[in-house]
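Visitor: Predicted model and sequence below, questions to follow.
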Amino acid sequence: MKRILSLLAATALALPVAGVLAAPAQAADESPVRPVTMVDDFRACIAGGGATDMLLLVDESASLGDRDPANARVTAAEYLVKQLAGFTDGAESTLNVSISVFANEYRNVKDWTALTPATLPDLQGSIASLKSMTKGMETDYWTALDGARRDLAAKAATRGDAPSCQAVVWFTDGGLNFEPRTTDAAKKAFGSNKSFAPDLELTTRKNTIEAGKLAAEDICRAGGLADQLRSSKVAMFGIGLGGVTPEEAEFNFMKSVATGTAGKGGTECGKLTTPIPGEFHLASGIDSLLMAFDGISSPGRSPLVQTSGICQIDFCEDQAHRFVLDATTPQVRVLATADADGITASMVNPDGKQIQLPRGELNKETKLADGQNTILYTWLSEKTLTVSMKSGSSGKGWSGLWQLGFTDPAGTSKDKVSKSSVHISGNLLPVWLNPDETPLHVGDTVPNAQFGLVDQNGDAVDATSLLGTAQLTATLVDSQGKGTVIARELDKNSLGTAASMDLKDLPVGPAQMRLSLTLTTAPTTFKGKDVPGTVLEPAMVSVPVTLTPPADFPVLGSRVDFGQAEGVPNLNAKLAASGSGCVWLPDGQELKVVASPSDIGGSAITLGEAKSAESCISITSGADLPLTFKAEHAGNGSINGTMTMMIAPDGEPAKAMAVEVAFTASLAKPLNTTNFILALVVALILGPGIPLLLLYGAKWLVAKIPGSSLSAELIPITVAYGQLERDGGPFALRPTDLVQLVPMEPGGTRSLSIFGVDFKARTGLSPLGTGYVSVESPNRVGISSAYPGADSTGTQARLPLAIHNHWVLLRDRGTDPQAGYVLLLANGDISAARRQTLEDDIKRRLPEMLGRLNEAATEPVLEPALAGAGGDGGFGGFSQNPGQGFGQDANQQQGFGQEQSWGTPPGRVPGPEETPPAGPYNPWGPPGA
């Protein structure tokens with residue numbers, strides 16, 4: 001309990017006051033209760049202990065050279081991650097940051113990194129590299145948002161049912177646009193079509209205009225890409241950088257994607273526009289960019305935003321930014337800017353002492369002491385500074401009215417404005433005091449729910465000791481978004497009293513206990529005048545709970561993630577169930593789909609043959625329920641929705657109860673094989689500008705395994721009852737794993753042996769695309785973690801040329817189908833975060849992949865390979881053979897790395913979990929084509 005309170009204390013949330021008044025908690029039979037925006041929901045999720053993922057999505061188009069020549073986007077993003085690192089310092093929750101860029105394509109430049117003060121310099125270095133990324137063509141919103149969707153979905157999937165708090169910070173300097181590819185070189189460099197319009201050639205201005213229309217339609221249609229992000233609970237922060245006087249119309253579409261509408265009378269984007277999906281900020285330079293990014297910089301609290309004027313010649317109280325502090329607000333951070341040149345800044349403390357904040361070197365922090373209190377300030381530009389304040393241990397000189405003001409010594413800016421964003425860190429948080437005392441069974445009444453206050457350490461606080469005021473409201477929000485008020489506006493004298501929770505008629509499934517605390521600091525006096533306390537934004541904590549069925553029913557997991565599919569989807573996943581009873585999924589049920597690719601046709605989920613009470617799956621002490629998702633056609637995007645499953649006590653089908661279970665899957669279309677072959681045939685007949693042999697030769701030259709440091713580990717594994725085990729216990733990496741370095745040639749190699757497993761670089765038959773690595777081990781079958789996982793037989797693993805940070809599952813032919821080996825390949829200097837990501841990925845995906853590998857491995861039973869026999873029979877050590885030519889070995893019958901000649905491929909090829917079987921195998925193209 002203490003740990004839970006500490007977690008909540010470390011990740012408090014504050015919502016705008018106006019928002020809370022606009023959407024009061026409602027009774028169970030009223031309309032759904034949600035935070036005012038999905039940004040608020042994002043912050044509430046953090047307060048409830050969910051791991052946080054924030055993806056920075058930054059434009060790299062060539063227009064940035066004109067719009068942002070001073071790299072203001074880089075300065076603002078560095079400021080953002082610095083403030084976020086301060087938020088994570090000492091907090092138990094994790095905040096992961098990833099950085100991606102986009103223009104005509106989407107690419108990741110910094111993988112997920114847990115943000116801490118220690119990792120901050122590395123992340124800031126990655127952000128600094130954005131200065132040189134201004135060469136991109138066009139501004140493809142669809143590809144950018146779809147890439148962000150895929151990366152966020154993959155990150156969330158590593159956590160299973162654990163809550164994820166996710167957001168995209170999306171920055172661009174222009175509207176959606178596409179450019180024609182008028183030369184063969186442009187077609188080769190940028191591609192001639194898009195995933196959302198595969199049959200449209202982007203070779204004329206007319207077609208690129210049509211592509212823009214199609215992209216906008218697919219983003220904003222009901223269930224489109226915008227709705228897919230929203231239904232995945234991804235909050236959106238959109239930031240548009242215009243010119244000196246930005247044209248708002250240029251960013252209307254971006255604004256509608258971020259917020260659901262382009263403003264009053266504007267066109268809506270998507271169907272899921274309530275709650276408001278996100279925020280949009282229009283900036284014209286470094287100062288407004290800093291203010292835009294600052295609103296995101298404290299995930300646990302929304303800032304107080306004030307607008308005022310500029311003092312002329314001397315400091316003046318009437319134009320100052322004011323806030324009242326007391327013992328419950330020990331830290332404050334202010335970002336302030338003024339729309340004038342040559343300004344100065346100063347503060348006035350509660351004793352009336354003026355504290356000058358002189359401008360020095362930009363981005364250099366200065367430390368001041370005001371009695372026992374500490375003030376740190378940094379000028380970020382000629383017009384903007386940030387000030388951080390911290391109370392001394394005694395609190396002397398802290399409580400009372402503080403003021404910050406800008407002054408124009410020349411007196412020439414009386415009509416100009418100043419703006420501040422004040423982050424006040426309160427140390428009091430609302431808490432549910434006894435959540436573990438009573439199970440929340442639907443139909444029951446819980447008579448003694450108690451709520452109170454804790455401090456930053458999770459220690460209980462006597463509310464009656466507060467000098468200011470406090471009000472706490474508790475609302476139970478069910479899986480359908482409807483809220484039941486448990487306690488309304490308890491004041492500081494009422495906290496701790498018992499409240500009753502009536503759980504009748506509530507749906508089974510996940511729920512949230514939302515606690516909202518409104519604090520007002522103690523009033524004060526200044527120069528003999530009464531000054532009211534500052535009303536802090538209500539702090540909201542969202543505690544995830546589960547409303548379970550009666551005790552004799554089984555309990556189902558709340559959500560199932562089917563992973564990712566390339567081609568026509570046929571995906572398998574398992575849904576956790578506990579307790580005992582009977583479970584089935586009614587036959588012919590129509591899924592409740594809230595977002596989906598437009599062209600996948602019908603879709604269905606099945607639970608094997610468990611289609612009715614008569615054929616239900618009976619469980620006695622929990623089980624993993626095998627679900628299958630299928631759709632008629634391939635598509636690009638996420639499908640999100642719910643299915644209705646039935647549960648009942650054993651032998652009592654008349655008591656059956658419906659349970660809504662959420663599902664998701666990420667889908668992608670494969671390369672159009674027919675078009676690819678036709679294009680190659682035309683090239684062969686007409687003759688390309690560059691001889692094919694030269695293309696093949698160029699491809700062979702670069703088809704090497706990179707020479708960067710590589711560590712490897714071979715681990716025996718078993719899968720028992722769907723769970724991955726190592727040496728009879730749960731699978732986990734050990735400190736002694738991944739310490740052996742594989743000898744590597746600095747310039748890369750075409751052939752490598754690791755523990756007797758051969759890795760051979762291949763070019764493939766196509767003269768275009770990239771090569772791949774064939775993983776060969778006699779008398780074993782294998783599949784890798786990277787798409788497409790295996791060759792056309794489904795039993796020989798394939799990897800990209802960059803084999804680092806991937807893994808391979810191997811199994812001896814003819815032996816126990818539930819036993820095998822996992823061969824890990826990692827950077828020689830792998831970080832703890834990346835190491836954990838590899839471990840999580842293996843635990844999540846390997847059991848399912850082993851099942852698919854076994855299904856494909858239909859060869860005659862052979863004797864198991866002898867351990868220690870080296871490359872011909874067991875697992876040996878490391879060696880290299882860089883002398884291979886064109887990726888071909890003695891067993892190959894086809895040139896250019898082709899394993900088999902023309903023929904009809906098997907109808908089903910197993911792949912890794914995120915990329916299940918695609919359409920017919922393409923013998924011409926790169927892996928997976």
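Guide: Good, I have the coordinates.

Visitor: Dump the C-alpha coordinates for stretch 640-655 into CSV.
Guide: Below are the C-alpha coordinates for stretch 640-655, written out as CSV (Å, rounded to 0.1, in the frame of the first residue of the first chain):
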residue,chain,number,x,y,z
ASN,A,640,-9.6,-1.5,-32.6
GLY,A,641,-12.9,-2.5,-31.0
THR,A,642,-14.6,-4.9,-28.5
MET,A,643,-16.1,-8.4,-28.6
THR,A,644,-18.7,-9.8,-26.3
MET,A,645,-17.7,-13.0,-24.6
MET,A,646,-19.9,-15.1,-22.3
ILE,A,647,-19.0,-16.5,-18.9
ALA,A,648,-20.9,-18.8,-16.6
PRO,A,649,-20.4,-21.0,-13.5
ASP,A,650,-19.7,-24.6,-14.4
GLY,A,651,-22.9,-26.4,-15.1
GLU,A,652,-25.1,-23.3,-14.8
PRO,A,653,-25.4,-21.8,-18.3
ALA,A,654,-28.6,-20.1,-17.3
LYS,A,655,-26.6,-17.7,-15.2
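
Visitor: ok, longest helix in the chain?
Guide: In terms of residue count, the longest helix belonging to the chain (DSSP state H) is helix 832-856.

Visitor: packing partners for that helix?
Guide: Under the contact definition 3 or more C-beta pairs under 8 Å, 6 or more residues apart in numbering; DSSP states H and E, helix 832-856 sits against strand 106-114, strand 570-578, strand 710-720, strand 723-726, strand 780-784, strand 806-812, strand 819-827. Using the backbone N, CA and C atoms, a C-beta is placed for each residue, glycine as well.

Visitor: so residue 256 sits in a strand?
Guide: No. Counting by DSSP: H, G, I helix; E, B strand; the rest coil, residue 256 is not part of a strand but helix.

Visitor: Just give me the neighbour total for it.
Guide: 25 (other C-beta atoms under 10 Å).

Visitor: Report whether the expected contact of it with residue 267 is present.
Guide: Yes. Taking contacts as C-beta atoms under 8 Å, residue 256 lies within contact range of residue 267: 6.1 Å.

Visitor: Tell me, please, the helix or strand in this protein that averages the lowest pLDDT.
Guide: helix 17-22 (a mean of 28; mean pLDDT, DSSP states H and E).

Visitor: Could I get the full set of helices for the stretch 51-200 of the chain?
Guide: Remark: helices assigned in the stretch 51-200 of the chain by DSSP state H, counting those that start in this stretch are 64-67, 72-88, 120-128, 141-157, 184-190.

Visitor: nearest to residue 56, of those?
Guide: Using C-beta to C-beta as the measure, helix 72-88 is the one of these that comes nearest residue 56, at 6.3 Å.

Visitor: The closest one relative to helix 120-128, how many degrees between them?
Guide: With axes from the mean of the first three to the mean of the last three C-alpha atoms, to 10 degrees defining the directions, helix 72-88 sits at 160 degrees from helix 120-128.

Visitor: what does helix 72-88 rub up against?
Guide: 54, 56, 58, 64, 94-95, 97, 115-117, 119-120, 123-124, 127-128, 130-131, 169, 171, 241, 285-286, 289-290, 292-294, 296-300, 333, 363, 380-381, 386 (C-beta atoms under 8 Å, 6 or more residues apart in numbering).

Visitor: Show me this protein divided up by domain.
Guide: 36-294, 304-425, 429-460+469-547, 555-668, 688-880 (automatic domain parsing).

Visitor: ok, what's across the strand from residue 603?
Guide: For residue 603, the beta-bridge partners under DSSP bridges are residue 631.

Visitor: pLDDT value on it, please?
Guide: What the model reports for residue 603 is a pLDDT of 92.

Visitor: mind listing what it touches?
Guide: 569, 591, 593, 596, 629-632, 639.

Visitor: Which ChimeraX command selects the buried ones in those residues?
Guide: Selecting only the buried entries of those in ChimeraX, with 16 or more other C-beta atoms under 10 Å as the criterion:
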select :569,591,593,596,629,631,639
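
Visitor: Closest one to residue 797 out of the contacts of residue 603, please.
Guide: Out of these, the member with the shortest distance to residue 797 (by C-beta to C-beta) is residue 569, at 22.5 Å.

Visitor: Spit out the contact partners of the residue lying closest to the closest one once chain neighbours are set aside.
Guide: Nearest residue to residue 569, sequence neighbours excluded (C-beta to C-beta, 6 or more residues apart in numbering): residue 631, at 4.8 Å. Going by C-beta under 8 Å, 6+ apart, residue 631 touches 568-569, 600-604, 639, 667.

Visitor: Show me the strands in the stretch 551-700 of the chain, by range?
Guide: 555-556, 559-566, 570-578, 581-584, 592-595, 603-606, 617-619, 623-631, 637-648, 657-668 (DSSP state E, counting those that start in this stretch).

Visitor: circling back to that earlier point, what residues are shared contacts of residue 256 and residue 267?
Guide: With C-beta under 8 Å, 6+ apart, residue 256 and residue 267 have common neighbours residue 220.

Visitor: For the helices of the stretch 51-200 of the chain, give me JSON lines that also has mean pLDDT, mean neighbour count and distance to residue 577.
Guide: Shown next, in JSON lines, are these (pLDDT from 0 to 100; neighbours: other C-beta atoms under 10 Å; distance: least, C-beta to C-beta, whole Å):
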{"stretch": "helix 64-67", "mean pLDDT": "82", "mean neighbour count": "16", "distance to residue 577": "51"}
{"stretch": "helix 72-88", "mean pLDDT": "83", "mean neighbour count": "22", "distance to residue 577": "35"}
{"stretch": "helix 120-128", "mean pLDDT": "91", "mean neighbour count": "17", "distance to residue 577": "40"}
{"stretch": "helix 141-157", "mean pLDDT": "93", "mean neighbour count": "22", "distance to residue 577": "19"}
{"stretch": "helix 184-190", "mean pLDDT": "85", "mean neighbour count": "13", "distance to residue 577": "49"}
